[in-house]
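Colleague: sequence and computational prediction follow.
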Amino acid sequence: MICKRLGIGAALAAGTLATTLAFAPGAAAVVPQTATITADCGLYGGGGATLEATQDGTAATVTVTSSITAPLALAEDSIVSTLTLAKAGGGTTTFTGTENPATAAGESVTVGPLDGTVAAGDSLEAFGGSLEMVVFGITVTCTAEGPQSPGPFVFE
């Protein structure tokens, strides 16, 4: 009789666990997922840029698509990029990578996804940070001219 009760108890516990996992929330999300800024890249120009963020636990990525055009064709994964975002309350968080699509001369430059680490509650903003891209050995640094819209990235 005790064996039957243990078997039923184990079955109920397994069923409860399966139900809990089935209805558990998915991967953590960042809000907003897309933001825009106006960037100044010094001698290399400037203009609008779109930042797209994703999050999976403490791992996060940001992809930046700028209105800056490539003066020459760029090979895939040929730009070394470092995106530094300002943290609410002080400090910064850095996203790095060498991913970019092949870009023809005259097309907009996109870098990313750039990888970084975040904590729950992090609020990150492009204004106060920078994007540094190394292309053909030349460093291009871009900074936001004002706060990103619609607001900072908040990671859950």
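Modeller: That came through fine. Numbers count the residues shown, from 1 in each chain.
Colleague: use CA for all of it now, contacts and neighbours both
Modeller: OK.
Colleague: close enough to count as contact, residue 48 and residue 37?
Modeller: Yes - using Cα atoms under 8 Å, residue 48 makes contact with residue 37 at a distance of 5.7 Å.
Colleague: between the two, point out the one with more neighbours.
Modeller: Remark: of residue 48 and residue 37, residue 37 carries more neighbours, 23 against 14, as counted by other Cα atoms under 10 Å.
Colleague: can you pull the contacts of that one?
Modeller: Residue 37 makes contacts with 48-51, 126, 144-149, as judged by Cα atoms under 8 Å, 6 or more residues apart in numbering.
Colleague: any idea which helix or strand comes after the strand ranked longest in the chain?
Modeller: Across the chain, the longest stretch assigned as strand under DSSP state E is strand 123-135. Counting by DSSP states H and E, the element after strand 123-135 in chain order, helix or strand, is strand 138-144.
Colleague: pairing partners for the helix or strand just after that next one, with directions?
Modeller: Using DSSP H and E, the next helix or strand after strand 138-144 towards the C-terminus is strand 153-155. In the sheet, strand 153-155 lines up against strand 30-31 (antiparallel), strand 123-135 (antiparallel) (DSSP bridges).
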